[in-house]
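> Here's a sequence, model it:
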Amino acid sequence: MLPATAAFVVFMYVADQVMAQVNAEPQRARAASAFDRAERVIGNTRVPDWQGRLKLIESTFGVEHQLVPAAQASADWFLSSGERERLDQGQIARRDMPGGGSVYFRKLKDDPTRVLRIEWVGEYEYLRLYYAIIIALVTAALCGILYRWAKPMWRDVQALKAATARVGEGDFEVRARVAQTSLLEPIASAFNAMAARVDALLRSHRELEQSVAHELRTPLAQLKFDLELARTSSEASERDERFAAMQRDVTELEELVNELLVLASLRQAPPYAPREVGAQALVEDVIRRAQDEMRAAGRSIAIEAPREIPASLSCDAKYLARALANVLRNAVRYARSKVAIDVRRDAGRTVITVDDDGPGVPVEERQRLFEPFTRLEGSRGRESGGVGLGLAIVKSVAEWHGGAAEISDSPLGGARVSITW
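The predicted structure is shown next:
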């Protein structure tokens, strides 16, 4: 507010100077009549009390007269060089009074060693009042503008402060409500995004904890049951059968724990390190592992490799290979005879698709399958294998790459899982 007020005063001063130059000649004409009147009084020898007569003129016309030596008048440092030349030539010189008003100089015609100085007192007082009124009005206007600007700003600051305090108390569902036109709207939006992210992470962790507790109970209960039967069984063949069942339960628990560790790291902040990797080598390694798993499980599904593939992919090879292996494992598990992989670049983005000729996935269930511990009933249910975390890991890997994963219909008749980033 203060710099604005000072700028306005400077502007008014400059405007006064410009107007003074424009009106210089009319002002000099007015001053000339005042000089002639005063010199007639001073030079009239028949008026002994000429000083009293000047006082009367001063009170009548609102001016002040003063006789000063010519050298003193020329030394007045408020006079410009041009006005000083005018004074030396016997013409009317003019200068401004600090704060407003004008002072005029002219040598006496009968005595060039002295200079008559005339100051318009009324003009000076008027300009002081004028500037005071202008400054008061500008200050009041600026205060009004600042109030209109600061009030909503203060309200938004208080709303943001209150929301921050509630988040500090553990309420991550709170959101800062500010106007869309507020200067604090970007900060409030960033705060709300942060709170939503933290709230989603906490919800995800709670749901994960509940799901983990539920999923661990089943193999543990089965393991305890088999252990008790093996302990009480009198036949060696039955004990061997129970030991084999316990081995399967331990394998399932190990797979569940490994998947949980991967998903937990992805739900937080994994050491994500994207770089250029060879696409051909990455895909071939994933296919080789899938074929090894099929031989171990006694299955025979044809895996069709990509016919054309980009030279390199910008990705985190560790996590992308894990996600692609999960997708391929699911496809092999549910396929009847064939699985096809395709890797391509589309509009500046990388797209990896895995198709199978299995039973497919109903449209209403596709999005839900990306949630942890979600399985379908029937042909893609738990009996087919898996712990229900594979696609959740795929979704997290795709999102950390700045992309997404989705399920759609496959040209082979089954399901297509796409990873795009």
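
> need the contact list for residue 95.
76, 78-80, 83, 102-103, 105 (C-beta atoms under 8 Å, 6 or more residues apart in numbering). (Glycine included, C-beta is placed from N, CA and C.)

> What subset of the residues you listed is buried?
Buried residues within the contacts of residue 95, counting neighbours by 16 or more other C-beta atoms under 10 Å: 76, 79, 83, 102-103, 105.

> Considering these, which member attains the minimum pLDDT?
Lowest in pLDDT among those is residue 102, which has 79.

> do you know how far that one is from residue 238?
123 Å (C-beta to C-beta, to the nearest Å).

> And for residue 413?
Look at residue 413 and residue 238: by C-beta to C-beta, they are 43 Å apart.

> pLDDT score assigned to residue 73?
90.

> count of residues packed around residue 316?
Counted with other C-beta atoms under 10 Å, residues neighbouring residue 316 total 20.

> re earlier: going by distance to residue 409, which of the buried ones among the contacts of residue 95 wins?
Using C-beta to C-beta, residue 102 comes nearest to residue 409 of those, at 92.1 Å.

> Isn't that closest one up against residue 92?
No: counting by C-beta atoms under 8 Å, residue 102 does not reach residue 92; the two are 10.9 Å apart.

> tell me the contacts of residue 176?
Contact analysis of residue 176 by C-beta under 8 Å, 6+ apart lists 159-160, 163-164, 188, 191-192.

> rerun at 6 Å
Applying C-beta atoms under 6 Å, 6 or more residues apart in numbering to residue 176 gives the contacts 159-160, 163, 188, 191-192.

> Kindly list the main-chain dihedrals of it?
phi -80, psi 120 (degrees, to the nearest 10).

> right, and the helix or strand after the helix or strand hosting residue 41?
In this structure, residue 41 sits in helix 24-43 according to DSSP states H and E. Counting by DSSP H and E, the next helix or strand C-terminal to helix 24-43 is helix 50-61.

> And the contacts of the helix or strand containing residue 320?
Per DSSP H and E, residue 320 falls inside helix 317-334. Contact with helix 317-334 is made by 277, 282, 286, 290, 301, 339, 354, 356, 358, 380, 384-385, 390, 393-394, 397, 417, as judged by C-beta under 6 Å, 6+ apart.

> Those, buried ones only, as a PyMOL selection?
Remark: buried members of the contacts of helix 317-334, expressed as a PyMOL selection using 16+ other C-beta under 10 Å:
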select buried, resi 277+282+286+290+301+339+354+356+358+380+390+393+394+397+417
